[in-house]
Structure formats: C-alpha cells, structure tokens
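Chemist: model the following, please.
(4 chains)
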There are 2 protein chains.
Amino acid sequence: MDIKTSCLGVLAVRPASGYEIRKAFEEGPFSHFAEGGFGSIYPALGKLTEAGLVTFEVEAQEKRPDKKIYQITDAGRSALVEKLCEKEPGDDKYKSDLLFILFFAGHLPAEKIRRVIDERIAFYQAKLAHLGACGVAGDGSAPDLVREFGVTVYSAALAFLERHRKDFINLAERGKSAADAAE
Amino acid sequence: MDIKTSCLGVLAVRPASGYEIRKAFEEGPFSHFAEGGFGSIYPALGKLTEAGLVTFEVEAQEKRPDKKIYQITDAGRSALVEKLCEKEPGDDKYKSDLLFILFFAGHLPAEKIRRVIDERIAFYQAKLAHLGACGVAGDGSAPDLVREFGVTVYSAALAFLERHRKDFINLAERGKSAADAAE
DNA sequence: GTCCGCATGTAAGTAGTTACATGATTCA
DNA sequence: TGAATCATGTAACTACTTACATGCGGAC
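Modeler: Take a look at the predicted model:
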C-alpha cells in the first residue's frame, strides 16, 4: 500500500506522531501490510496536512524535539475509505526473495541455503510467538481476524520450511558436487 | 527482487526474448517472486548487456519485429549467485493490500468487502488449479518444491478466507449500521 | 472491424530509499 | 564508550510505472 494511505490507516486507529507511525509499521497489525521509513513518512505527513486530510498539534517536550501529534480529519477518513474502495487487490503480490533464492538452491552454496532457511524459520517462530502473545482476544474484530490470518499463513509457511529444509540443503549439496564434477 | 536479477534468473533457466521474460513473470514459477513490465525489462536487458552479463542474438522474423534472444553469460551466472548470496531475505514483505482493506472492514461498504473476498477466493482457486495442472511431477526439484510451497500457502489463505468470509461481511454491515445510527 | 497476441523500445513522471544532519537519554 | 531509543526533517538518488510510439496477423 502506498505510504500516504498507510499513514492515514494508522491515524484512523489513533492519533500518532511520525515516529509512532513508523513503530506501527514495524510492530503492530500494520506490519502485515504497511512499511516505510522516516524518509517517506515525514514527507507523506506533510502532503496529507496540505491536503487537509490530517491536522497536527505540537506537544512540547523537555530534552527532546517537540512531538507533532497528527490526527485524521473527516476528509481524511473519507479519503481513506475512497482509496480502499478503488483499490483492486487482485494484483496483490506475494513476491518473495526467499523463494527466488530457494528456486536456485542447486546453484548456491549449501551453507547459504541452510542459513536463509534457518533464519526464516526463526523469523516465523518469532512472528507467531508475537502474534500469539498480543491480542489473544479472539473477539472476531477485524484486527483480530487479520491477526488470525497472519497466524494461519505463517504457520503453513513455517511447517513447509521445516518439512523441506533438508531437501533444499541436499539440492544445494548435489548442485555443488555437480559443478565440481564439471570442472 | 529487483528487475535485473529477475531477468537474470529467467535467463539462467533458458534463453529468452524480452517478451518471453515478461510471460515468465506472469505465468511460470517466476510469478511467485518476480514482476515487471516491458518498461522495466527492456532497459534492464540493455544494462545487463552493457555489463556483459548477457548477450543476444537477433532472430529475424517475417512480418514481425526481429526477436532478440538473450542468453546469460558465465559472468552473468556468477553475478546472479553473488546477488542471491548477498541478499538477506529476512526483510521479505508479505505486504497485502487485501489485508489492509479487510482491517478496515467495519468502515467500508459490505458490498465492497464481499467482492474483494470473492475475487480473492476465485484468484486462489485459479492459482491452485494452475499449480496443480502444471508440473505435478513431485520430483523434489527446486522448482517443484517452490511450486509446493505456493500450493501450501495459497491453500491456507484460501481456507481462511472461505472460513471467515461471512465474518468480514458482517463486520462491514454492522459498521455501516453503526455509522447510520450516528448520523 | 475490433480486440488480443506478438514484438521492441523510449520518455516522462512517480514513489520510495538511503544518506545526511542534529542531539539528548538510557542501558549494558 | 558504544549502541539503542526517542524525535524531526531534507537532499540526492534509484528504481520502477505509465503512457506513448509502431505495426502485422489472427481470431471472434
């Protein structure tokens, strides 16, 4: 999702500073569909303010730069809904660099393959632990259902990787010996 | 994955024209991790040629523009392996516009929610039919395993959507009546 | 007779990333 | 003493998308 809509989405849930929006992109439920660094968030907030879709209040802080707390306006809410309605998610991409790497397992060092798989397994385990820990409500709210979707998909991916870890490593090892034999 | 590496990946499997690379991005196993239109592919092939990572031969055709058949060079294969080795897939993003939309189900028209879910269900079903149809080999090759990964993840996502289709639609309907009541 | 597939490319524009710039506080 | 967190922002750059430009052949 583009950065302006992502910011608007976070602000639709609660007011936040640019810094807090960044955290939301990394940790909360928004981490499933939003991303972006300060270099995109701050300019985006600027444009949203210009367009009247958000406003901000400055919160003075001692010993830190002042905080700008952004709030979504009614126009902002309408713009968010409009944007989400016109968006056709048919072109959602599950483009994965991991799959690209695994596709070429036979051409890469076994050690590399082992490492990327193990890292990814650890990543999924951490994600699942985190998703299990927060909001275990099971209250049927949209955020909760989205969380459950994450759990479902991550679990499936994790199980697959655990099941085929050895297979990919074997492919890399055989690929290596094939390459050696060819020399 | 960036466009140059994606092209190199396709060419590592077999020689191809720019047009055929495009098709590979849309249909084959590469559709799981690569994308890009002609506006990115052709410039990318130009740069790869300059860098000596690919070469091409012109295949004259009657009544069509000549075809440039690109082939990967040894330097190109090395560059691909190097690129894949340096790539840390820890930052793989499963950023999904669908999830973004569903997260705000309570704020959107029920009809929109119903449509995006049904379209996505149809999309997954088509994907699975396609993945089942082609390469049912089950031969344990890397492409085959990657295909199986696709089947695993799509199946999980599909089952989830079918299970919670009604829940999301209800959320949208309740959200709507809440908004009406507030007026 | 209109749209789709084949086939290549360029130009202009958009969006986002990365690096820079600044600076106090807190934890190991 | 070095790294991480909090806090905002700009400038330069990279990369990709979209629209344009051209044109034949075949299917419906």
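Chemist: tell me the contacts of A:D167?
Modeler: Each residue near A:D167 by CB atoms under 8 Å, 6 or more residues apart in numbering or on different chains is listed here: B:G140, B:L145. All C-beta atoms are positioned from the backbone trio N, CA, C, and that covers glycine.
Chemist: host element of it?
Modeler: helix A:142-182 (DSSP states H and E).
Chemist: roughly how far is that helix from the heart of the chain?
Modeler: 19 Å (CA atoms, centre = their mean, to the nearest Å).
Chemist: how about stretch A:20-37?
Modeler: 7 Å.
Chemist: and for stretch A:23-42?
Modeler: Distance, stretch centre to chain centre, for stretch A:23-42: 7 Å (CA atoms, centre = their mean).
Chemist: near DNA strand D at all, that stretch?
Modeler: Yes: for stretch A:23-42 and DNA strand D, the contact criterion (CB under 7 Å from any atom of the strand) is met by A:K23, A:F38, A:G39, A:Y42.
Chemist: burial measure for the closest residue to DNA strand C within chain A, as a count.
Modeler: Chain A approaches DNA strand C most closely through A:G39 (2.1 Å), counting by CB to the nearest atom of the strand. Look at A:G39: counted by other CB atoms under 10 Å in any protein chain shown, it has 9 neighbours.
Chemist: just flag the most distant two among the residues of stretch A:23-42 next to DNA strand D.
Modeler: A:K23 and A:G39 (15.7 Å; CB to CB).
Chemist: which bits of chain A sit near DNA strand D?
Modeler: Checking chain A against DNA strand D by CB under 7 Å from any atom of the strand, the hits are A:17-20, A:23, A:38-39, A:42-43, A:45-46, A:61, A:64-68.
Chemist: let's see that with 10 Å instead.
Modeler: Within chain A, the residues that sit near DNA strand D (CB under 10 Å from any atom of the strand) are A:16-23, A:26-27, A:37-46, A:49, A:56, A:58-59, A:61, A:63-70, A:91, A:93, A:95.
Chemist: among these, name the buried ones.
Modeler: Neighbour counting with 16 or more other CB atoms under 10 Å in any protein chain shown marks A:16-18, A:20-22, A:40-41, A:44-45, A:56, A:67-70, A:95 as buried within the residues of chain A next to DNA strand D.
Chemist: hmm, back to that, between the helix holding A:D167 and helix B:142-182, how many degrees?
Modeler: 170 degrees (axes from the mean of the first three to the mean of the last three CA atoms, to 10 degrees).
Chemist: so what pLDDT did the residue of chain A closest to DNA strand C get?
Modeler: Reading off the confidence values, A:G39 has pLDDT 97.
Chemist: contacting residues around whichever helix or strand it is part of?
Modeler: Counting by DSSP H and E, the element that carries A:G39 is helix A:38-50. Helix A:38-50 is contacted by residues A:3-4, A:7-8, A:18-19, A:21-22, A:36, A:54-56, A:68, A:70, A:76 when judged by CB under 8 Å, 6+ apart.
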